[in-house]
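Colleague: Got a predicted model here, sequence first, then my questions.
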Amino acid sequence: MTDLSTIKLFATKPHPCSYIHGEEATTVFIDPEVDIDIDLYGQLSLLGFRRSGAHLYRPQCVKCQACISCRIPVALFTPNRAQRRCWQKNQDIHIQTVSAIDTTEHYNLYARYIENRHPEGDMYPPTQEQYQSFLTSEWGSTQFWEFRLEDRLVGVSVCDHFNDALSAVYTFFDPDLNERGLGKFAVLAQIDKAKQLGLSYVYLGYWIKQCEKMNYKTQYRPLELLINRRWMRLN
């Protein structure tokens with residue numbers, strides 16, 4: 001096990017928060033020179049670190065602790081009625097793992113998703129360079145999942161497999177298929193896959209109570225939240 005106290009951290013300057021209006025955010029990054037293997041990745045995830053592209057980061061704001069890491073204990077998860085309906089509705093979708101998502105087909109779907117679902121976010125407007133640096137970095141533990149309806153690409157999930165967990169890095173999908181709930185279906189698919197692999201958790205990133213777009217994460221129960229460096233269960 002790596003001695004985490006020996007790892008250097010680099011902090012950004014305070015900048016406007018993307019999620020809470022009027023707040024300033026600071027992010028700390030793991031030294032990019034550190035050789036991060038799957039075991040170390042797992043250790044850092046237990047402390048609330050996430051991956052973005054080639055970097056592991058964690059919010060560390062001076063005046064705000066609104067970003068809370070969350071994960072689903074998959075053995076205890078029970079889908080609610082809406083989740084069961086979503087799962088059944090999408091059984092005609094074929095999920096396959098692919099080695100890369102650097103094609104025009106993948107990028108075009110990503111661009112449509114950002115333009116339609118997140119025009120106010122940090123990733124708008126989408127660019128090829130941003131897409132490559134954010135999502136196509138492959139860590140040896142990374143899996144790229146395609147969701148296809150017959151031959152049509154309707155969604156992509158990027159997730160990392162480490163220790164006893166899957167970490168949901170990002171999912172994007174066809175904005176014209178809102179009625180299918182593809183974002184919800186992608187999380188359910190990752191829970192199902194984690195169960196098949198005998199893994200304990202699916203990490204969902206950060207939950208912010210004041211951010212309406214993150215409320216969906218609390219629909220997966222039980223949910224565990226990292227509060228004061230302890231994982232607490234929200235039943």
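Modeller: Structure's in. What do you need?
Colleague: next one: the helix-or-strand element of the chain with minimal mean pLDDT to chain centre, how far?
Modeller: Per-element confidence for the chain was summarised using mean pLDDT, DSSP states H and E. The lowest value among helices and strands belongs to strand 15-16, with a mean of 90. Its chain's C-alpha centre and that of strand 15-16 lie 22 Å apart, by Cα atoms, centre = their mean, to the nearest Å.
Colleague: partner strands of that strand, parallel or antiparallel?
Modeller: Sheet pairing for strand 15-16, assigned by DSSP bridges, gives strand 24-25 (antiparallel).
Colleague: Now the element after the partner strand, going C-ward?
Modeller: strand 27-30 (DSSP states H and E).
Colleague: Report all helices and strands that the longest helix along the chain contacts.
Modeller: Selection of the longest helix in the chain by residue count, based on DSSP state H, yields helix 182-197. For helix 182-197, the packing partners by 3 or more Cβ pairs under 8 Å, 6 or more residues apart in numbering; DSSP states H and E come out as helix 81-89, strand 142-149, strand 152-162, strand 165-173, strand 201-207. To be clear about C-beta, it is placed using only N, CA and C from the backbone, and glycine gets the same treatment.
Colleague: Please convert the ones you listed to a markdown table, extending it with mean neighbour count, distance to residue 133 and mean pLDDT.
Modeller: Shown next, in a markdown table, are these (neighbours: other Cβ atoms under 10 Å; distance: least, Cβ to Cβ, whole Å; pLDDT from 0 to 100):
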| stretch | mean neighbour count | distance to residue 133 | mean pLDDT |
| --- | --- | --- | --- |
| helix 81-89 | 13 | 31 | 98 |
| strand 142-149 | 18 | 14 | 96 |
| strand 152-162 | 21 | 13 | 96 |
| strand 165-173 | 23 | 12 | 97 |
| strand 201-207 | 22 | 18 | 97 |
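Colleague: Among these, which comes closest to residue 37?
Modeller: The closest of these to residue 37 is strand 152-162. By Cβ to Cβ, the value is 9.1 Å.
Colleague: and residue 79, what is it in contact with?
Modeller: Under the criterion of Cβ atoms under 8 Å, 6 or more residues apart in numbering, the contact list for residue 79 reads 87, 188.
Colleague: Check the secondary structure at it for me.
Modeller: What DSSP: H, G, I helix; E, B strand; the rest coil gives for residue 79 is coil.
Colleague: just to revisit the earlier point, list the contacts of the least confident helix or strand of the chain.
Modeller: Around strand 15-16, the neighbours that count as contacts under Cβ under 8 Å, 6+ apart are 23-26.
Colleague: For residue 9, find the nearest of the helices and strands packed on helix 182-197.
Modeller: Nearest to residue 9, of the helices and strands packed on helix 182-197 and by Cβ to Cβ, is strand 201-207 at 17.6 Å.
Colleague: what lines up beside that closest one in the sheet?
Modeller: Here the strand partners of strand 201-207, with direction, are listed using DSSP bridges: strand 68-73 (antiparallel), strand 165-173 (parallel).
Colleague: and it, how far out from the chain's middle?
Modeller: The mean C-alpha position of strand 201-207 is separated from the chain mean by 7 Å, Cα atoms, centre = their mean.
Colleague: domains for the protein, by residue range?
Modeller: 4-67, 70-234 (automatic domain parsing).
Colleague: weakest of those domains by average pLDDT?
Modeller: Per-stretch averages of pLDDT across the domains of the chain put domain 4-67 at the bottom, with a mean of 92.
Colleague: Nearest to residue 74, out of the helices and strands packed on helix 182-197?
Modeller: Closest to residue 74 of these is strand 201-207 (Cβ to Cβ; 6.0 Å).
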